[in-house]
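J.: below: sequence and its predicted model.
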Amino acid sequence: MQHNVSFHSQATNTFGESSEYSNAAIRDQHAMPQKRVYHAEQALIERFKETLNTETLQATFTCGGSLPILLEPNRDEAGNLTPRTHERVQEQRVLTKGVTLRWGKHENGQVLTLPVTDKTALEELVNACTPATFGRGGEDVYDESYRRAVALSAGDFMTDFCPYESGIIDIVTQLLLPSITGELEPAPPRSEVAKRYGLSHSQEGEIHYCIMKFTRQNSDYIYSAGIQKCLAGLRILPATTEGMLAIMGRLDMTGTGLTFKHDFIELAAQRISARNAAKKQMSGDDRKEASKANAQKRKMMSRGIRAELYKLNIYTGPSGMFKAHVDTPRSESQIGSLVVCLPAYFEGGALAVRHLGQEIIHDWSKTTFATQEPRVQWAAFYSDCEHEVLEVTSGHRITLTYNLFLAPGTSLLAGQPTSLEPQCLPLAQSLRRMLASEDFLPKSGYIGVHLAHSYPHTHPKFHAFVPSMLKGVDMALYESIVALGYKAVLDQITGPNLPSAEVLQLLESKGRSSMRTESPIVSNLQEMTFGDEPDEDDGNTDDQMCEFYSHCEPDSDESESADAGAPNGTVVELRRRYRARAKITWLNEAKSREPCRAYVAYGNEARGATKYSSAALIVRIPNWVERSSTAGSQADPVVVWE
Ligand SMILES: O=C(O)CCC(=O)C(=O)O
Ligand SMILES: [Fe+2]
């Protein structure tokens with residue numbers, strides 16, 4: 001996403017107005033006050049705070065690091081590379097061998113290990129490369145005035161360097177992925193203004209960003225002279241000079257050249273909200289909603305990064321370079337690029353990465369090469385970051401480039417049948433053994449297993465659990481059930497270990513959809529009620545809550561229809577839950593008496609409480625005769641909320 005902010009453009013804004021006005025008129029009316037009203041230091045602190053608070057989205061747009069190559073590392077007496085202590089293992093980010101490259105056709109293979117001892121082999125590698133092209137106007141072009149480099153495609157060489165093994169992908173996943181999958185995390189609370197005008201977090205962030213960028217400010221005031229730029233930056237500039245003057249008159253009533261920051265925020269929020277409404281009317285809302293849902297689903301499925309080797313590039317001095325560009329995404333799920341600089345001598349050739357007016361320079365030239373041990377150095381950045389390889393003045397700058405894609409990641413196993421063989425899970429074996437016995441539930445019935453972990457709610461008001469959330473042993477259990485082919489529901493457990501009232505009906509319903517499909521779970525979400533969630537503020541203790549529940553416990557012979565005329569909906573609901581609970585054969589104990597809990601996310605920072613709930617996997621078990629003929633079949637997999 002390039003934020004090309006243009007201040008003097010003549011364009012039609014989203015209010016449908018043609019924006020033509022005199023910048024000079026505005027400037028004359030509201031000249032910058034001469035007097036400095038705050039200390040420079042204070043301003044810097046405020047700016048930093050602002051960045052910290054509001055520019056969270058993609059604040060870390062690039063990251064980088066280096067791995068020293070120790071060809072003769074220290075070993076302990078036993079010859080181990082690092083003593084087996086926790087601390088030392090953490091430090092073990094060194095490469096203990098050079099990076100080997102192999103290329104060349106059959107029977108003409110060549111090999112080079114960097115750092116280089118054999119200059120001839122290095123020259124041969126350069127000769128084996130072809131001039132590097134780049135994309136322009138939808139075509140691959142070769143233009144030395146824009147890019148002067150040579151390259152080998154991934155299919156034409158091999159290397160033993162592995163970004164996973166060296167820990168780079170771990171770091172990149174931790175630093176760059178959270179902003180991409182941000183909606184999965186509890187969102188920071190929006191301000192009252194943002195809530196009032198229905199602004200998204202990023203829209204709110206953008207207002208603060210523009211204030212920071214275009215107005216010199218202290219904490220409460222902003223300079224009125226920057227307001228016009230702010231509005232342009234936010235794409236909410238009024239169409240006419242009169243409109244702009246009216247805004248300035250409203251914001252800077254006393255003519256001091258200063259505006260209350262909160263007044264500006266209010267005005268900006270109002271205009272963005274109007275723009276949102278106008279846009280909504282103009283566009284195909286349904287299509288947008290659908291693509292939003294798809295994007296969300298994609299994010300839900302993405303807890304990791306997959307790096308795909310793309311090219312080997314050599315920029316040779318003098319004059320090797322690649323001017324400012326944005327990498328062409330290879331697919332919808334590409335989120336960024338990784339550049340790994342191999343240990344070879346060169347000067348110049350810094351990699352500049354830019355985002356929203358900020359620039360980070362990754363300089364890997366001889367300065368580090370000459371003074372320290374050789375290193376493999378790397379940088380990763382989001383796809384929308386502009387970047388540039390500055391001129392290499394001497395030597396060969398050799399890089400490996402990788403495309404970074406969203407991927408399920410190591411912690412997301414649900415629905416990944418190719419990477420996991422659930423039949424081999426010990427839990428699946430043991431479940432199969434139990435179900436094979438005629439002594440266990442000879443007639444059909446239900447089993448319930450309380451999950452080991454609590455799970456955050458996916459919606460502030462409605463509960464839903466999706467397999468992709470599952471962790472550790474819970475995931476193993478889920479996969480085992482999938483492997484056995486029985487119908488199951490991931491259910492929230494509330495109150496004194498009560499499943500939801502309709503869980504058994506769901507299990508008996510005819511329709512079947514695969515648990516693997518992760519379809520959005522909307523139709524069967526339960527609204528949180530008093531009974532679901534003991535309110536910690538109302539002073540109820542666990543014991544009081546349980547006493548309340550116990551009044552609702554149904555007599556064992558009470559019939560379903562007896563509830564029909566019951567006056568209190570909550571009590572009816574609770575009785576149904578008790579009844580469901582009694583019909584389930586529970587295979588383990590629930591963890592606690594108060595399963596639905598609110599924790600404050602992010603330690604003591606007031607970012608709002610995230611609700612975590614206990615859950616159980618409830619499985620419909622056919623009678624013994626039926627299951628002895630079908631158990632183990634994977635033909636008809638398990639179901640979650642259809
Ligand atoms: O080699 C580098 O540092 C970056 C290369 C690059 O930007 C590209 O291949 O797109
Ligand atoms: Fe690039």
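T.: Looks like it arrived, so ask away. None of these values were measured; they are calculated from a predicted model. Numbering: from 1, shown residues only. Ligands and ions are numbered 1, 2, ... in the order given.

J.: and stretch 579-593, what's buried?
T.: Neighbour counts using 16 or more other C-beta atoms under 10 Å place Arg579, Ala580, Arg581, Ile584, Trp586, Ala590 of stretch 579-593 among the buried residues. Every C-beta, even on glycine, is put in place using the N, C-alpha and C of the backbone.

J.: where does the third one land in three-state SS?
T.: So that's Arg581. Under the three-state scheme (DSSP: H, G, I helix; E, B strand; the rest coil), the conformation of Arg581 reads as helix.

J.: and the pLDDT at Ala59?
T.: For Ala59, the model assigns a pLDDT of 61.

J.: what bits of the stretch 251-400 of the chain have low per-residue confidence?
T.: 281-302, 332, 367-372 (pLDDT under 70).

J.: and the helices in it?
T.: Across the stretch 251-400 of the chain, reading from the start of the chain, the helices by DSSP state H, counting those that start in this stretch fall at 261-282, 285-300, 366-371.

J.: got it, and the stretch 101-250 of the chain?
T.: Taking DSSP H, counting those that start in this stretch as the criterion, the stretch 101-250 of the chain carries its helices at 119-128, 168-180, 192-196, 201-214, 227-233, 241-251.

J.: can you list contacts of stretch 263-281?
T.: Under the contact criterion C-beta atoms under 8 Å, 6 or more residues apart in numbering, stretch 263-281 has outside partners 13-16, 191, 193-194, 196-199, 203-204, 207-208, 210-211, 222, 227, 230-231, 234-236, 247, 250-251.

J.: what's near enough to touch the nearest residue to Leu507 once chain neighbours are set aside?
T.: Excluding its sequence neighbours, the residue lying closest to Leu507 (C-beta to C-beta, 6 or more residues apart in numbering) is Arg620, at 4.2 Å. If you count contacts by C-beta under 8 Å, 6+ apart, Arg620 has them with Ser444, Tyr446, Tyr486, Lys487, Ala488, Leu507, Glu508.

J.: which strand or helix spans Arg620?
T.: For Arg620, the element it lies in under DSSP states H and E is strand 609-621.

J.: hang on, the earlier thing: with distance to Leu477 and pLDDT as added columns, please give the buried residues of stretch 579-593 in TSV.
T.: Formatted as TSV, the entries for these read as follows, by distance: C-beta to C-beta, whole Å; pLDDT from 0 to 100:
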residue	distance to Leu477	pLDDT
Arg579	25	91
Ala580	20	91
Arg581	19	92
Ile584	15	92
Trp586	14	88
Ala590	15	75
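
J.: tell me the one of those nearest Thr100?
T.: Proximity to Thr100 was ranked across these by C-beta to C-beta; first place goes to Ala590, at 54.8 Å.

J.: surely the closest one forms part of a helix?
T.: No: in this structure, Ala590 is coil, not part of a helix, as judged by three-state DSSP.

J.: relative to ligand 1, how far out is it?
T.: Here the distance between Ala590 and ligand 1 works out to 53 Å (C-beta to the nearest ligand atom, to the nearest Å).

J.: same question, Pro73
T.: Between Pro73 and ligand 1 the distance, using C-beta to the nearest ligand atom, works out to 28 Å.

J.: report pLDDT for that residue.
T.: On pLDDT, Pro73 comes in at 73.

J.: and it, its phi and psi?
T.: Backbone torsions for Pro73, taken as degrees, to the nearest 10, come to phi -70, psi 160.

J.: which residue packs closest to it, ignoring adjacent ones?
T.: When the adjacent residues along the chain are set aside, Pro73 lies closest to Thr96, with 5.2 Å between them (C-beta to C-beta, 6+ apart).

J.: got a list of what Arg250 touches?
T.: Asp263, Leu267.

J.: related to what we said a few turns ago, partner residues bridging the residue nearest to Leu507?
T.: With DSSP bridges applied, the residues forming beta bridges to Arg620 are Tyr446, Lys487.

J.: and the strand ranked longest in the chain, which strands flank it?
T.: When the chain is parsed with DSSP state E, its longest strand is strand 386-407. Within its sheet, and counting by DSSP bridges, strand 386-407 is paired with strand 304-316 (antiparallel), strand 320-325 (antiparallel), strand 334-341 (antiparallel), strand 346-348 (antiparallel), strand 351-355 (antiparallel).

J.: for that strand, list the C-alpha coordinates in PDB.
T.: The C-alpha trace of strand 386-407 is given here as PDB (Å, rounded to 0.1, in the frame of the first residue of the first chain):
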ATOM      1  CA  GLU A 386       9.500   0.600  -1.600                       C
ATOM      2  CA  HIS A 387      13.100  -0.500  -1.600                       C
ATOM      3  CA  GLU A 388      16.300   0.300  -3.500                       C
ATOM      4  CA  VAL A 389      19.700  -1.200  -3.800                       C
ATOM      5  CA  LEU A 390      22.100   1.800  -3.800                       C
ATOM      6  CA  GLU A 391      25.100   1.700  -6.000                       C
ATOM      7  CA  VAL A 392      27.700  -1.000  -5.400                       C
ATOM      8  CA  THR A 393      31.100   0.800  -5.900                       C
ATOM      9  CA  SER A 394      33.300  -2.300  -5.800                       C
ATOM     10  CA  GLY A 395      33.300  -6.000  -5.300                       C
ATOM     11  CA  HIS A 396      30.300  -8.400  -5.700                       C
ATOM     12  CA  ARG A 397      27.200  -8.000  -3.700                       C
ATOM     13  CA  ILE A 398      25.600 -11.500  -3.800                       C
ATOM     14  CA  THR A 399      22.100 -11.900  -2.400                       C
ATOM     15  CA  LEU A 400      19.500 -14.700  -2.300                       C
ATOM     16  CA  THR A 401      15.900 -13.400  -2.400                       C
ATOM     17  CA  TYR A 402      13.000 -15.200  -1.000                       C
ATOM     18  CA  ASN A 403       9.300 -14.500  -1.400                       C
ATOM     19  CA  LEU A 404       7.500 -14.700   1.900                       C
ATOM     20  CA  PHE A 405       4.000 -16.200   1.900                       C
ATOM     21  CA  LEU A 406       1.400 -16.600   4.600                       C
ATOM     22  CA  ALA A 407       1.300 -20.200   5.700                       C
END
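
J.: buried stuff in that strand?
T.: Taking 16+ other C-beta under 10 Å as the basis for neighbour counts, the residues of strand 386-407 that come out buried are 387-407.

J.: quick check: the residue of the chain found nearest ligand 1 vs Asp143, distance?
T.: When distances are taken as C-beta to the nearest ligand atom, the chain approaches ligand 1 most closely through Thr399, which lies 3.6 Å from it. For Thr399, the distance to Asp143 equals 19 Å [C-beta to C-beta, to the nearest Å].

J.: try Ser509
T.: As it turns out, when the distance is counted by C-beta to C-beta, Ser509 lies 62 Å from Asp143.

J.: repeat that for Ile447.
T.: Counting by C-beta to C-beta, the gap from Ile447 to Asp143 is 66 Å.

J.: of those two, who's got more company?
T.: Ile447 (22 against 12; other C-beta atoms under 10 Å).

J.: my guess is that one contacts Arg627. True?
T.: No: in this structure Ile447 lies outside contact range of Arg627 using C-beta atoms under 8 Å: 11.7 Å.

J.: can you list residues touching both of those two?
T.: Common neighbours of Ile447 and Arg627 (criterion: C-beta under 8 Å, 6+ apart): Ile621.

J.: and the pLDDT for the residue nearest to Leu507?
T.: So Arg620 comes in at 89 (pLDDT).

J.: the residue nearest to Pro238 when sequence neighbours are not counted: neighbour count?
T.: With sequence-adjacent residues excluded and distances taken as C-beta to C-beta, 6+ apart, Pro238 is closest to Met244, at 5.1 Å. Close neighbours of Met244, defined as other C-beta under 10 Å, add up to 22.

J.: the strand or helix carrying Asp474 - what's its average pLDDT?
T.: Secondary-structure element containing Asp474, defined by DSSP H and E: helix 472-484. Model confidence over helix 472-484 averages 74 on the pLDDT scale.

J.: how near is Ile236 to Phe214?
T.: For Ile236, the distance to Phe214 (C-beta to C-beta) stands at 13 Å.

J.: give me every residue in the protein lying close to ligand 1.
T.: With the criterion set to C-beta under 6 Å from any ligand atom, the chain comes near ligand 1 through Asn313, Phe322, Asp327, Val339, Leu351, His387, Val389, Thr399, Thr401.
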